[in-house]
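Asks: model the following, please.
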Amino acid sequence: MSAGNKPFKPRRDGTWTSQVPLTRSMLHRQRTEFWETAPQYDGLVETWNSLRVAVELSHQDDLPTAQAVLDSAGITIPSGDLGVGCYDERGHRFVIPEFVLSEPSNIMDDEVEMKPRDSSSTVVMRREPVGSDNLEPVDETETSYTVFYFVSSLTFKVKVRMSTNARDVGVEFKGEENVVDIKKRLMQQVGVTSDMKLFMFGKPLREDTPLLKQGWDNHIIQAFVRE
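Replies: Residues are numbered from 1 along each chain as shown. Down below sits the predicted model:
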(Lines give C-alpha, C1' and ligand atoms only; values in the text may rest on other atoms or scores of the structure.)
Protein backbone atom coordinates (compact mmCIF):
# COMPACT_ATOMS: atom_id res chain seq x y z
CA MET A 1 0.00 0.00 0.00
CA SER A 2 1.47 3.37 -1.05
CA ALA A 3 2.33 6.17 1.36
CA GLY A 4 -0.66 8.14 0.11
CA ASN A 5 -3.08 5.32 0.81
CA LYS A 6 -4.08 4.08 4.25
CA PRO A 7 -6.12 0.99 5.19
CA PHE A 8 -9.87 1.46 5.30
CA LYS A 9 -10.93 2.33 8.83
CA PRO A 10 -14.72 2.08 9.30
CA ARG A 11 -16.46 4.60 11.55
CA ARG A 12 -17.87 3.38 14.83
CA ASP A 13 -21.63 3.43 15.43
CA GLY A 14 -22.97 5.92 17.94
CA THR A 15 -20.35 8.62 17.41
CA TRP A 16 -22.84 11.14 15.99
CA THR A 17 -26.45 12.16 16.59
CA SER A 18 -29.16 12.55 13.98
CA GLN A 19 -31.09 15.83 14.13
CA VAL A 20 -34.24 13.87 13.38
CA PRO A 21 -34.41 10.51 15.24
CA LEU A 22 -34.36 7.59 12.82
CA THR A 23 -35.58 4.03 12.91
CA ARG A 24 -33.41 1.38 11.27
CA SER A 25 -35.80 1.03 8.35
CA MET A 26 -35.68 4.81 7.75
CA LEU A 27 -31.87 4.74 7.84
CA HIS A 28 -31.85 1.80 5.43
CA ARG A 29 -34.08 3.73 3.01
CA GLN A 30 -31.83 6.81 3.16
CA ARG A 31 -28.73 4.71 2.50
CA THR A 32 -30.36 2.97 -0.45
CA GLU A 33 -31.38 6.32 -1.96
CA PHE A 34 -27.83 7.61 -1.59
CA TRP A 35 -26.21 4.64 -3.34
CA GLU A 36 -28.78 4.71 -6.14
CA THR A 37 -28.38 8.42 -6.88
CA ALA A 38 -24.70 9.10 -6.05
CA PRO A 39 -23.39 8.06 -9.51
CA GLN A 40 -25.38 10.93 -11.03
CA TYR A 41 -22.96 13.45 -9.52
CA ASP A 42 -19.48 12.35 -10.61
CA GLY A 43 -17.26 9.29 -10.99
CA LEU A 44 -17.70 5.90 -12.58
CA VAL A 45 -20.65 3.71 -11.64
CA GLU A 46 -18.21 0.83 -11.13
CA THR A 47 -16.32 2.82 -8.49
CA TRP A 48 -19.53 3.70 -6.65
CA ASN A 49 -20.54 0.04 -6.73
CA SER A 50 -17.20 -1.00 -5.26
CA LEU A 51 -17.54 1.59 -2.51
CA ARG A 52 -21.03 0.35 -1.71
CA VAL A 53 -19.87 -3.25 -1.47
CA ALA A 54 -16.93 -2.28 0.75
CA VAL A 55 -19.06 -0.20 3.11
CA GLU A 56 -21.74 -2.88 3.39
CA LEU A 57 -19.06 -5.50 4.09
CA SER A 58 -17.70 -3.27 6.85
CA HIS A 59 -21.18 -3.24 8.41
CA GLN A 60 -20.85 -7.04 8.55
CA ASP A 61 -17.41 -6.72 10.21
CA ASP A 62 -15.75 -8.29 7.15
CA LEU A 63 -12.96 -5.73 6.88
CA PRO A 64 -10.42 -7.93 5.01
CA THR A 65 -12.85 -8.50 2.12
CA ALA A 66 -13.89 -4.83 2.15
CA GLN A 67 -10.23 -3.79 1.84
CA ALA A 68 -9.69 -6.28 -0.98
CA VAL A 69 -12.65 -4.80 -2.89
CA LEU A 70 -11.25 -1.28 -2.51
CA ASP A 71 -7.76 -2.36 -3.58
CA SER A 72 -9.03 -4.23 -6.64
CA ALA A 73 -10.99 -1.14 -7.72
CA GLY A 74 -7.90 1.06 -7.40
CA ILE A 75 -9.46 3.23 -4.70
CA THR A 76 -7.06 5.10 -2.43
CA ILE A 77 -8.01 6.54 0.96
CA PRO A 78 -5.38 9.08 2.14
CA SER A 79 -6.82 9.25 5.67
CA GLY A 80 -8.33 5.76 5.85
CA ASP A 81 -11.74 7.40 6.38
CA LEU A 82 -14.22 7.30 3.48
CA GLY A 83 -16.12 10.14 5.14
CA VAL A 84 -13.13 12.42 4.63
CA GLY A 85 -12.63 11.36 1.04
CA CYS A 86 -11.12 8.80 -1.32
CA TYR A 87 -9.94 8.75 -4.95
CA ASP A 88 -10.17 6.48 -7.96
CA GLU A 89 -7.35 5.93 -10.44
CA ARG A 90 -8.56 8.88 -12.54
CA GLY A 91 -8.35 11.28 -9.64
CA HIS A 92 -12.08 11.61 -9.01
CA ARG A 93 -12.86 12.32 -5.37
CA PHE A 94 -15.62 10.46 -3.54
CA VAL A 95 -17.01 11.33 -0.11
CA ILE A 96 -19.37 8.98 1.74
CA PRO A 97 -21.83 10.66 4.16
CA GLU A 98 -21.75 9.85 7.84
CA PHE A 99 -25.21 8.27 7.88
CA VAL A 100 -24.05 5.74 5.28
CA LEU A 101 -20.91 4.79 7.20
CA SER A 102 -22.36 4.35 10.69
CA GLU A 103 -25.49 4.48 12.81
CA PRO A 104 -26.35 7.55 14.92
CA SER A 105 -26.41 7.37 18.70
CA ASN A 106 -30.19 7.88 18.71
CA ILE A 107 -31.08 5.08 16.26
CA MET A 108 -34.29 3.26 17.17
CA ASP A 109 -35.69 -0.17 16.53
CA ASP A 110 -38.79 -0.07 14.35
CA GLU A 111 -41.00 -1.36 17.17
CA VAL A 112 -39.89 1.30 19.66
CA GLU A 113 -42.38 4.07 20.43
CA MET A 114 -40.89 7.56 20.53
CA LYS A 115 -41.97 9.89 23.29
CA PRO A 116 -42.63 13.45 22.05
CA ARG A 117 -41.31 16.53 23.83
CA ASP A 118 -44.79 18.00 23.69
CA SER A 119 -48.10 16.91 22.27
CA SER A 120 -48.08 19.62 19.60
CA SER A 121 -45.02 18.18 17.88
CA THR A 122 -46.09 14.58 17.38
CA VAL A 123 -47.42 12.78 14.36
CA VAL A 124 -48.15 9.07 14.42
CA MET A 125 -47.13 7.22 11.27
CA ARG A 126 -48.12 3.81 9.97
CA ARG A 127 -45.18 1.44 9.70
CA GLU A 128 -44.42 0.47 6.11
CA PRO A 129 -41.96 -2.06 4.63
CA VAL A 130 -38.39 -0.86 4.08
CA GLY A 131 -38.21 1.14 0.87
CA SER A 132 -41.75 2.49 1.08
CA ASP A 133 -42.29 6.23 1.02
CA ASN A 134 -45.87 6.00 2.26
CA LEU A 135 -46.18 7.36 5.78
CA GLU A 136 -49.85 7.63 6.65
CA PRO A 137 -51.19 9.38 9.78
CA VAL A 138 -53.12 6.95 11.98
CA ASP A 139 -55.20 7.04 15.13
CA GLU A 140 -52.99 7.25 18.23
CA THR A 141 -55.17 4.61 19.93
CA GLU A 142 -54.05 1.97 17.44
CA THR A 143 -51.21 -0.32 18.46
CA SER A 144 -48.09 -1.69 16.72
CA TYR A 145 -47.23 1.65 15.15
CA THR A 146 -44.12 3.76 15.32
CA VAL A 147 -44.47 7.30 16.57
CA PHE A 148 -42.63 9.52 14.12
CA TYR A 149 -41.05 12.45 15.92
CA PHE A 150 -42.15 15.42 13.82
CA VAL A 151 -40.64 18.43 15.59
CA SER A 152 -42.88 21.12 14.18
CA SER A 153 -41.93 23.76 16.74
CA LEU A 154 -38.13 23.52 16.36
CA THR A 155 -35.99 25.61 14.02
CA PHE A 156 -33.49 23.95 11.68
CA LYS A 157 -30.97 25.27 9.18
CA VAL A 158 -30.42 23.68 5.78
CA LYS A 159 -27.43 24.35 3.54
CA VAL A 160 -28.44 24.90 -0.09
CA ARG A 161 -25.92 24.76 -2.94
CA MET A 162 -26.83 27.12 -5.78
CA SER A 163 -26.45 25.96 -9.39
CA THR A 164 -25.70 29.51 -10.56
CA ASN A 165 -22.42 29.99 -8.67
CA ALA A 166 -21.90 26.82 -6.56
CA ARG A 167 -22.24 29.00 -3.44
CA ASP A 168 -23.75 27.49 -0.30
CA VAL A 169 -26.59 29.42 1.34
CA GLY A 170 -27.99 28.70 4.80
CA VAL A 171 -31.78 28.83 5.17
CA GLU A 172 -33.60 28.53 8.48
CA PHE A 173 -36.97 26.79 8.63
CA LYS A 174 -39.48 25.34 11.06
CA GLY A 175 -39.95 21.58 11.15
CA GLU A 176 -43.58 21.93 10.07
CA GLU A 177 -42.80 24.03 6.97
CA ASN A 178 -43.18 22.55 3.51
CA VAL A 179 -40.35 22.66 0.98
CA VAL A 180 -42.15 25.38 -0.98
CA ASP A 181 -41.84 27.69 2.06
CA ILE A 182 -38.11 27.03 2.24
CA LYS A 183 -37.77 27.69 -1.47
CA LYS A 184 -39.57 31.04 -1.20
CA ARG A 185 -37.32 32.10 1.67
CA LEU A 186 -34.22 31.05 -0.27
CA MET A 187 -35.32 33.00 -3.35
CA GLN A 188 -35.75 36.10 -1.21
CA GLN A 189 -32.30 35.67 0.35
CA VAL A 190 -30.43 35.31 -2.94
CA GLY A 191 -32.62 37.65 -4.99
CA VAL A 192 -33.80 35.06 -7.51
CA THR A 193 -37.07 35.69 -9.33
CA SER A 194 -36.96 32.92 -11.96
CA ASP A 195 -38.21 29.40 -11.30
CA MET A 196 -36.19 27.20 -8.96
CA LYS A 197 -36.20 23.49 -8.17
CA LEU A 198 -34.74 21.89 -5.03
CA PHE A 199 -33.11 18.46 -5.13
CA MET A 200 -31.64 16.01 -2.62
CA PHE A 201 -29.57 12.98 -3.68
CA GLY A 202 -30.41 13.83 -7.29
CA LYS A 203 -34.16 13.57 -6.74
CA PRO A 204 -36.58 16.54 -6.78
CA LEU A 205 -38.06 17.38 -3.39
CA ARG A 206 -41.85 17.39 -3.05
CA GLU A 207 -42.81 21.02 -2.49
CA ASP A 208 -46.04 20.23 -0.65
CA THR A 209 -44.27 18.10 1.99
CA PRO A 210 -42.04 19.11 4.94
CA LEU A 211 -38.34 18.60 4.36
CA LEU A 212 -38.03 16.52 7.53
CA LYS A 213 -40.49 13.99 6.16
CA GLN A 214 -38.40 13.47 3.02
CA GLY A 215 -35.38 11.98 4.75
CA TRP A 216 -33.42 15.19 5.31
CA ASP A 217 -30.86 14.97 8.10
CA ASN A 218 -28.44 17.85 7.69
CA HIS A 219 -27.79 16.96 4.04
CA ILE A 220 -26.84 19.60 1.47
CA ILE A 221 -29.74 20.48 -0.86
CA GLN A 222 -29.15 21.46 -4.49
CA ALA A 223 -31.00 24.43 -5.98
CA PHE A 224 -31.29 24.56 -9.76
CA VAL A 225 -32.33 27.92 -11.16
CA ARG A 226 -33.92 28.09 -14.58
CA GLU A 227 -32.40 31.01 -16.45
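Asks: tell me what residue 198 is bridged to.
Replies: Going by DSSP bridges, residue 198 is paired in beta bridges with residue 223.
Asks: burial count for residue 184?
Replies: For residue 184, the neighbour count with other C-beta atoms under 10 Å is 14. (C-beta placed from N, C-alpha, C; glycine too.)
Asks: can I take it that it is in a helix?
Replies: Yes: with DSSP: H, G, I helix; E, B strand; the rest coil as the criterion, residue 184 is part of a helix.
Asks: okay, it: pLDDT?
Replies: With respect to pLDDT, residue 184 scores 93.
Asks: then the one 5 residues further on?
Replies: Listed pLDDT for residue 189 reads 91.
Asks: dump the residue contacts of the residue lying closest to it once chain neighbours are set aside.
Replies: Spatial nearest neighbour of residue 189, excluding adjacent residues (C-beta to C-beta, 6 or more residues apart in numbering): residue 169 at 6.1 Å. Counting by C-beta atoms under 8 Å, 6 or more residues apart in numbering, residue 169 touches 159, 160, 161, 162, 186, 189, 190, 223.
Asks: next one: stretch 46-59 to chain centre, how far?
Replies: 17 Å (C-alpha atoms, centre = their mean, to the nearest Å).
Asks: and for stretch 39-46?
Replies: Relative to its parent chain, stretch 39-46 has a centroid offset of 17 Å by C-alpha atoms, centre = their mean.
Asks: thinking again about what came up before, from the contacts of residue 169, pick the one nearest residue 42.
Replies: residue 161 (13.8 Å; C-beta to C-beta).
Asks: for the host helix or strand of the closest one, buried residues please.
Replies: Using DSSP states H and E, residue 161 sits in strand 155-162. Neighbour-count burial for strand 155-162 flags 156, 158, 160, 162 (criterion: 16 or more other C-beta atoms under 10 Å).
Asks: just how off-centre is it within its chain?
Replies: Relative to the chain's own centre, strand 155-162 is displaced by 13 Å; criterion: C-alpha atoms, centre = their mean.
Asks: what's residue 205 in contact with, if anything?
Replies: Contacts of residue 205 (C-beta under 8 Å, 6+ apart): 179, 198, 199, 211, 214, 221.
Asks: same question, residue 185
Replies: Shown in contact with residue 185 (C-beta under 8 Å, 6+ apart): 171, 172, 173.
Asks: and residue 84, by the same measure?
Replies: Residue 84 sits next to 78, 95 when contact means C-beta under 8 Å, 6+ apart.
Asks: pipe the contacts of residue 169 into a markdown table and attach distance to residue 18 per row.
Replies: Formatted as a markdown table, the contacts of residue 169 follow (distance: C-beta to C-beta, whole Å):
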| residue | distance to residue 18 |
| --- | --- |
| 159 | 16 |
| 160 | 20 |
| 161 | 21 |
| 162 | 26 |
| 186 | 23 |
| 189 | 26 |
| 190 | 28 |
| 223 | 23 |
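Asks: ok, so of those, who is nearest residue 73?
Replies: Closest approach between the contacts of residue 169 and residue 73, by C-beta to C-beta: residue 161, at 27.6 Å.
Asks: would you confirm that that closest one contacts residue 223?
Replies: Yes: contact criterion C-beta atoms under 8 Å: residue 161 and residue 223 qualify, at 6.8 Å.
Asks: any low-confidence regions in the protein?
Replies: 1-3, 41, 111-153, 166, 227 (pLDDT under 70).
Asks: for residue 37, which non-adjacent residue is spatially closest?
Replies: Closest to residue 37 by C-beta to C-beta, 6+ apart is residue 202, at 3.7 Å.
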